[in-house]
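Q: structure, please.
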Amino acid sequence: MSIPSKTGEARKRSLIEMTTLIGWDSQDITPDKPVELIGQYYQRISKSVRDPLCVTALVMEQTSASGIEQAVMVSIDIIFINRDFLDEIREALRPLVPDLNPDTIFLNATHIHSGPGWTVPFRWWVPAEGAMQPSEIRALVLGAVVRAVVNAWKARQPGQIRAASAFAAMGFCRRMLYADGSAMMYGETNREDFIGVEAAHDFEVRLVFTWDDQDRLTGIVLNVACPAQVMEAQHEVSADVFGELRKRIHQTYGPQVNLLPQVSAAGCQSPRNLPIQSKDEINYWNDSGMRAIAGRLEKAVAEGYASALEHAEINPVLKHTVTELVLPIRRASIEEHESACSDVKRLTARYADIETASRELFTEFVADTQATEKRQPHGPFDNKELDFVKLENAQAVIRRFETQDSKPTYSMELHAIRLGDSAFVTNPFELFLDYGQMIVARSRANQTFLVQLACDAGQYLPTARAVAAGGYSALIINGSVGPEGGRMLVDASVQAIDQLWEQ
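A: Predicted coordinates:
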């Protein structure tokens, strides 16, 4: 498919004067043997591959009188990214692409729970024999990212860019509220004390389309406020909703079109409308729900594409800044520490020591989860109210209390990019939606692409009301930074966007 062509000398002059170069590449990172599927407290070994996992890279470079601006976005179908992995990518690329400033590269995870990871996620997790090992997975993904960036750099050519937006119901708040002021992620909604959901939702689908100088569509950046987690409790490898959407885009627009998915602020969101979960004919914990949501996104892409056809820009403003931001960690109070010590004593009283208690309670936790998988038609299958989880929560509070004075801050890399009238701004967290809405509302950009889980794995960053209500995703074990740091992140993000318009 193509945009309407310009004609005559005006078109020739615009192409000759083009200073914005665009390059794309995509690499397959689908494992060729069974893997441990990362994303739950318990281990799942893959039994099959539903669809490929991908690394997708977009390179943009613009030359002007003031110098050269570069921006490299890389999306990876994986649960999260570590800062040391990003650093290793940059070092590997320095000799391969000497004209590329490696600091302009940012990586983001699509946060699938149906693929492997290159780190052991939890202290109690022992890599399974017979499955692909974390070191193998790291090497596979690292090589693919390097190839994708190198190929995208080499593929740079003059092109056209246009941002657009549409709407699709994908993400819904997954923290349920109860009359006593408490909250629970994936909590039951048929209880008499259920009083609603904690936060709003963001159904906007933010899009960037690119074409080459022959009017051929080359790629789509798609940004949504929901992680790709429909398949989070299944036992097959899948890029989840984005994998199904990628297949449909290839069928409609051609196999040359790259899809680069980004997850906006969505730490409290999931692809399920929980109050009607048991009444909906579609199960949003398996393939049927994934296909339904991919269909909604497919329609949003088509709507955005129709709008973009009429407004493609040959040379939008490109600016890119990178800031090292230092945030305070979330501290454990004396009262929280005392309560945690009491919980540990109570939960381990009938065992020889804490290690034995943790091991045996984990065995009970896994058995309960496996039994629930057989009994329930949909997830969640693991129960975060069991003693094993309570023990881990309490130990995390104690560890934080003991280390918070010696390690009082968390450092992160914040990228801000201006692309025409749109802005991209990154963070490494599973950022609660409220923060995203604050940034978007204050942003000078017509359209603001927030990109979470970028450049590092900062875990959840909950709001003050979430911390007060408690529950998984709002506890100390779930993240390093709390509401104080969240407000600082909002201010820094808005300031970084503002500066892109002031330079």
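
Q: CA atoms for contacts and neighbours, from now on please.
A: OK.

Q: ok now the strand or helix carrying residue 414, how far from the chain's centre?
A: Using DSSP states H and E, residue 414 sits within strand 409-419. In terms of CA atoms, centre = their mean, to the nearest Å, the centre of strand 409-419 is found 15 Å from the chain centre.

Q: try stretch 162-180
A: The answer for stretch 162-180 is 14 Å, by CA atoms, centre = their mean.

Q: how about it as PDB, C-alpha atoms only?
A: Extracted in PDB, the C-alpha atoms of stretch 162-180 (Å, rounded to 0.1, in the frame of the first residue of the first chain):
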ATOM      1  CA  ARG A 162       3.600  10.600  10.200                       C
ATOM      2  CA  ALA A 163       2.200  10.200  13.700                       C
ATOM      3  CA  ALA A 164      -1.400   9.200  14.200                       C
ATOM      4  CA  SER A 165      -3.700   7.800  16.800                       C
ATOM      5  CA  ALA A 166      -6.800   5.700  17.200                       C
ATOM      6  CA  PHE A 167      -8.500   3.800  20.000                       C
ATOM      7  CA  ALA A 168      -8.800   0.200  21.000                       C
ATOM      8  CA  ALA A 169      -9.900  -1.400  24.300                       C
ATOM      9  CA  MET A 170      -6.900  -3.300  25.400                       C
ATOM     10  CA  GLY A 171      -5.700  -2.400  28.900                       C
ATOM     11  CA  PHE A 172      -7.900  -2.300  32.000                       C
ATOM     12  CA  CYS A 173      -6.900  -1.700  35.700                       C
ATOM     13  CA  ARG A 174      -6.200  -5.000  37.400                       C
ATOM     14  CA  ARG A 175      -6.200  -3.700  41.000                       C
ATOM     15  CA  MET A 176      -9.600  -4.300  42.600                       C
ATOM     16  CA  LEU A 177     -10.700  -2.200  45.600                       C
ATOM     17  CA  TYR A 178     -12.600  -3.400  48.700                       C
ATOM     18  CA  ALA A 179     -14.700  -1.600  51.300                       C
ATOM     19  CA  ASP A 180     -11.900  -1.900  54.000                       C
END
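
Q: what mean pLDDT does that stretch have?
A: Across stretch 162-180, the average pLDDT comes to 97.

Q: just stretch 276-290 next, same as before
A: Stretch 276-290 comes out at a mean pLDDT of 90.

Q: kindly report the same for stretch 89-101.
A: 98.

Q: what's that stretch in contact with?
A: Stretch 89-101 is contacted by residues 70, 102-103, 105, 142, 145-146, 150, 153 when judged by CA atoms under 8 Å, 6 or more residues apart in numbering.

Q: let me know the closest of those to residue 361.
A: residue 142 (36.0 Å; CA to CA).

Q: per the annotation, how does this structure divide into domains?
A: Here the domain assignment for the chain is 8-327+410-502, 334-403, based on automatic domain parsing.

Q: buried deepest among those domains, which one?
A: domain 8-327+410-502 (a mean of 20; mean count of other CA atoms under 10 Å).

Q: run the chain-centre distance for that domain.
A: Centroid separation for domain 8-327+410-502 versus its chain: 4 Å, with CA atoms, centre = their mean.

Q: same deal with stretch 374-391?
A: Relative to the centre of its chain, stretch 374-391 is centred 24 Å away, using CA atoms, centre = their mean.

Q: gap between the two ends of that stretch?
A: Stretch 374-391 has an end-to-end distance of 26 Å (CA to CA, to the nearest Å).

Q: same question, stretch 281-292
A: End to end - CA to CA - stretch 281-292 spans 11 Å.

Q: stretch 345-355 too?
A: For stretch 345-355, the end-to-end distance is 13 Å (CA to CA).

Q: what sits up against that stretch?
A: With CA under 8 Å, 6+ apart, stretch 345-355 has contacts from 357, 387, 391.

Q: what's the mean pLDDT across that stretch?
A: In this model, stretch 345-355 has an average pLDDT of 97.

Q: between which two of the contacts of stretch 89-101 is the distance greatest?
A: So, those by CA to CA: farthest apart are 70 and 142, at 21.3 Å.

Q: what helix or strand does the nearest residue to residue 412 once chain neighbours are set aside sit in?
A: Once flanking residues are discounted, residue 412 sits nearest to residue 325: 5.3 Å by CA to CA, 6 or more residues apart in numbering. Using DSSP H and E, residue 325 sits within strand 318-328.

Q: off-centre distance for that strand?
A: 18 Å.

Q: could you give me the average pLDDT of it?
A: 98.

Q: please apply the same query to stretch 253-262.
A: Here the average pLDDT along stretch 253-262 is 97.

Q: and the residue lying closest to residue 228 once chain neighbours are set aside, which helix or strand is it part of?
A: Distances taken as CA to CA, 6+ apart put residue 112 closest to residue 228, at 5.1 Å, once the chain neighbours are dropped. For residue 112, there is no helix or strand it lies in under DSSP H and E.

Q: go on, residue 492?
A: helix 483-502.

Q: name the residues that touch that helix?
A: 319-321, 325, 327-330, 414, 416-418, 423, 425, 435-436, 438-439, 442-445, 461-464.

Q: quick one: average confidence on that helix?
A: 97.

Q: same thing with stretch 33-45?
A: On average, stretch 33-45 scores 93.

Q: please enumerate residues in contact with that stretch?
A: 46-48, 79, 112-117, 121-122, 125, 127-128, 130-133, 232-233, 235, 237, 366, 382.

Q: export that stretch to PDB, keeping only CA atoms.
A: The C-alpha coordinates for stretch 33-45 follow below in PDB (Å, rounded to 0.1, in the frame of the first residue of the first chain):
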ATOM      1  CA  LYS A  33      14.400 -25.800  22.300                       C
ATOM      2  CA  PRO A  34      12.200 -25.800  25.400                       C
ATOM      3  CA  VAL A  35      12.600 -22.700  27.600                       C
ATOM      4  CA  GLU A  36      11.400 -21.600  31.000                       C
ATOM      5  CA  LEU A  37       8.700 -19.000  30.500                       C
ATOM      6  CA  ILE A  38       9.400 -16.100  32.700                       C
ATOM      7  CA  GLY A  39       6.700 -13.900  34.400                       C
ATOM      8  CA  GLN A  40       5.200 -15.900  37.200                       C
ATOM      9  CA  TYR A  41       6.500 -16.900  40.700                       C
ATOM     10  CA  TYR A  42       6.400 -20.600  39.500                       C
ATOM     11  CA  GLN A  43       8.200 -22.200  36.600                       C
ATOM     12  CA  ARG A  44       6.600 -23.100  33.300                       C
ATOM     13  CA  ILE A  45       8.400 -25.100  30.600                       C
END
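
Q: the strand holding residue 325 pairs with which strands, parallel or anti?
A: Take DSSP bridges as the rule and strand 318-328 pairs in its sheet with strand 409-419 (antiparallel).

Q: how big is the angle separating whichever helix or strand comes after the partner strand from helix 483-502?
A: Scanning forward in sequence from strand 409-419 by DSSP H and E, the next helix or strand is strand 422-426. Angle, strand 422-426 to helix 483-502, by axes from the mean of the first three to the mean of the last three CA atoms, to 10 degrees: 150 degrees.
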